[in-house]
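Peer 1: Predicted model follows, preceded by the sequence.
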Amino acid sequence: MSQTRSTGIPVRLWRVAVAGLIGTTIEWYDFFIYALAATLVFADQFFPSTSTVASNLAALSTFAIGFVARPVGGALIGHFGDRFGRKRMLVVSLLVMGIGTALIGLLPTYSTIGVAAPIALVVVRVAQGLAVGGEWGGATLLALEHARTREQRTILSSLPQVGLPLGVVLSSLVFLLVRTGAGDEGFVTWAWRIPFLASAALVVVGLVIRLKLDESPEFQDIRRQHTVRRAPIVDVLRAPRIWVPAACITIGSSALGNLMLAFVLSYAARAKLFSAPTMLTVTIVAALFWCVTLPLGALLAGRFGRRRVLVAGTVGITVWAYPYFALVESGSHVGLFIGTIVAALCIAVATGPYGAYLSEAFPAEIRYSGASVAYGIGGVLGGAIAPIIATVLVGSTGGLGAVAGYVALASVVSLVAVLTLRSPHAVIPATQESHGPIADPVEDGTAV
């Protein structure tokens, strides 16, 4: 079996992880072009109001709806993923996300069909959230469960995570090119639809790649042993000692990440601190640093332990919250670049080993449901409400100091969760509706 010289990981395992990375990149591209449109276009096109704050809150609320739908999608898609396989549900999630994104590009605005426009937008946004709810867990598990050693599992399961910043880069580049090419007026009038419609081509590429993947070996073993759970989500919810801290691990990184990618963009434009093209450029550069650092964080976790690296990244977010928002408010372009890049690096370190740490907190029989639901709840508690809370805090205080305090507090919650969660998992007994007991895995002595 051929192996890469640097890591000793077989090439076939890299192929599975990279396939997951490509799929998650496409899905996060879809997700974040909505975030960009919500901050730059949707307030006027779908939620006209005499109050700018009210319009922005309405637009950001539809962004939050996608996060709220994620744990529901995680439970739904995770259930079928634990029952029928990881690969099938990854194909379903990509289809739903891609079709929903293309539909947004075709929606009439408020000026054309009135209140039906924002209603249709919300419906499609819910569908997007449901799809993303099952995407991350499936892609992460497929990479994780093809690997055998703890180091391999940590590194390979980090690659689907890179899809998030890569999706940010791709969506930001497309928006920047379209905005520059069409001009401000053309962009607001019609060109904002182009990035959404372009998603259809990306989905075709993603589907071709995913249909060629093999099913997870661990899931195949579960089917052979007849230990598939009938109600995996019920078994997950019966173990709050696992899913509660698992859901809280990324509150801090999710809050800072979504403020950086969505809220700060609109805030800087409204406060006339930086232009929208400047903010998009900064976002692209920071996301590229994020892409590179995230797998490095996983490599460090493989050597020094997942928990230690997670703690280091979370502490970094806590400490950097105030300097970051102070640099944004300074109006300095150099300060903005430094602040945003360091923030992205902290997020990358805090999320590099996250996929393996969270997934292995749950037994394989309920892992898709457990990891997806915990990830989705963390997104709601962190990313979904962060732009809304930040908008309210800025409206009441007039500055970003309170927002920095909010991020620091969220990161402290995440730090406690990292120190509380046990991974590898504890035994979770089966319900009466489920099949068979599950043995606790043997740890290999690697620090976690």
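Peer 2: Arrived safely, thanks for sending. Numbers count the residues shown, from 1 in each chain.
Peer 1: now what about stretch 395-407, what contacts it?
Peer 2: 53, 252, 255-256, 259, 267, 317, 321-322, 324-326, 328-329, 386, 389-390, 393-394 (CB atoms under 8 Å, 6 or more residues apart in numbering). Yep, even glycine has a C-beta here, placed from its N, CA and C like the rest.
Peer 1: One more pass at 7 Å, please.
Peer 2: 53, 252, 255-256, 259, 321-322, 325, 328-329, 389-390, 393-394 (CB atoms under 7 Å, 6 or more residues apart in numbering).
Peer 1: what separates A410 from T250, distance-wise?
Peer 2: Computed as CB to CB, to the nearest Å, the A410 to T250 distance reads 10 Å.
Peer 1: hmm, back to that, from the contacts of stretch 395-407, which is closest to A37?
Peer 2: Nearest to A37 among the contacts of stretch 395-407: L259, at 17.3 Å, using CB to CB.
Peer 1: Could you report the pLDDT at that closest one?
Peer 2: Looking at L259, its pLDDT reads 92.
Peer 1: same deal with T340?
Peer 2: Taking T340 on its own, its pLDDT is 95.
Peer 1: Excluding covalently adjacent residues, which one is nearest to it?
Peer 2: A286 (4.4 Å; CB to CB, 6 or more residues apart in numbering).
Peer 1: can you tell me which residues contact the one you found?
Peer 2: Counted by CB under 7 Å, 6+ apart, A286 has contacts 340-341, 344.
Peer 1: who wins for neighbours among the residues you listed?
Peer 2: Neighbour counts for these (other CB atoms under 10 Å) peak at A344, which has 29 neighbours.
Peer 1: ok, back up a step: can you say which two of the contacts of stretch 395-407 are spatially most distant?
Peer 2: So, these by CB to CB: farthest apart are V53 and G252, at 26.0 Å.
Peer 1: Who has more neighbours out of these two?
Peer 2: G252 (33 against 14).
Peer 1: which element is that one on?
Peer 2: For G252, the host element (DSSP states H and E) is helix 251-258.
Peer 1: Send over that helix as CSV, restricted to the C-alpha atoms.
Peer 2: Extracted in CSV, the C-alpha atoms of helix 251-258 (Å, rounded to 0.1, in the frame of the first residue of the first chain):
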residue,chain,number,x,y,z
ILE,A,251,-19.2,28.4,21.2
GLY,A,252,-16.2,30.8,21.4
SER,A,253,-14.6,30.0,18.1
SER,A,254,-18.0,30.0,16.3
ALA,A,255,-18.9,33.3,17.8
LEU,A,256,-15.6,35.0,16.8
GLY,A,257,-15.6,33.3,13.4
ASN,A,258,-19.1,34.4,12.4
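Peer 1: Wait, V309 touches A301, no?
Peer 2: Yes - with contact defined as CB atoms under 7 Å, V309 reaches A301; the gap is 4.2 Å.
Peer 1: Mutual contacts of the two, please.
Peer 2: 352-353.
Peer 1: Taking helix 251-258 as reference, get the angle to the helix or strand containing L166.
Peer 2: Taking DSSP H and E as the definition, L166 sits inside helix 159-186. Relative orientation of helix 159-186 versus helix 251-258 (axes from the mean of the first three to the mean of the last three CA atoms, to 10 degrees): 30 degrees.
Peer 1: Return the list of helices and strands in contact with helix 159-186.
Peer 2: Judged by 3 or more CB pairs under 7 Å, 6 or more residues apart in numbering; DSSP states H and E, helix 159-186 is in contact with helix 11-40, helix 116-146, helix 193-197, helix 276-304, helix 354-359.
Peer 1: one step back: shared neighbours of A410 and T250, which are they?
Peer 2: G382.
Peer 1: residues touching the nearest residue to Y29 once chain neighbours are set aside, list them.
Peer 2: Excluding the flanking residues, the one nearest Y29 by CB to CB, 6+ apart is G167, at 4.2 Å. G167 sits next to 25, 28-29, 31-32 when contact means CB under 7 Å, 6+ apart.
Peer 1: thinking again about what came up before, just the buried positions in the helix holding L166, please.
Peer 2: Within helix 159-186, the residues scored as buried using 16 or more other CB atoms under 10 Å are 159-176, 178-179, 182.
Peer 1: pLDDT weak spots in this protein?
Peer 2: Applying pLDDT under 70 to the chain picks out residues 1-8, 49-54, 60, 425-448.
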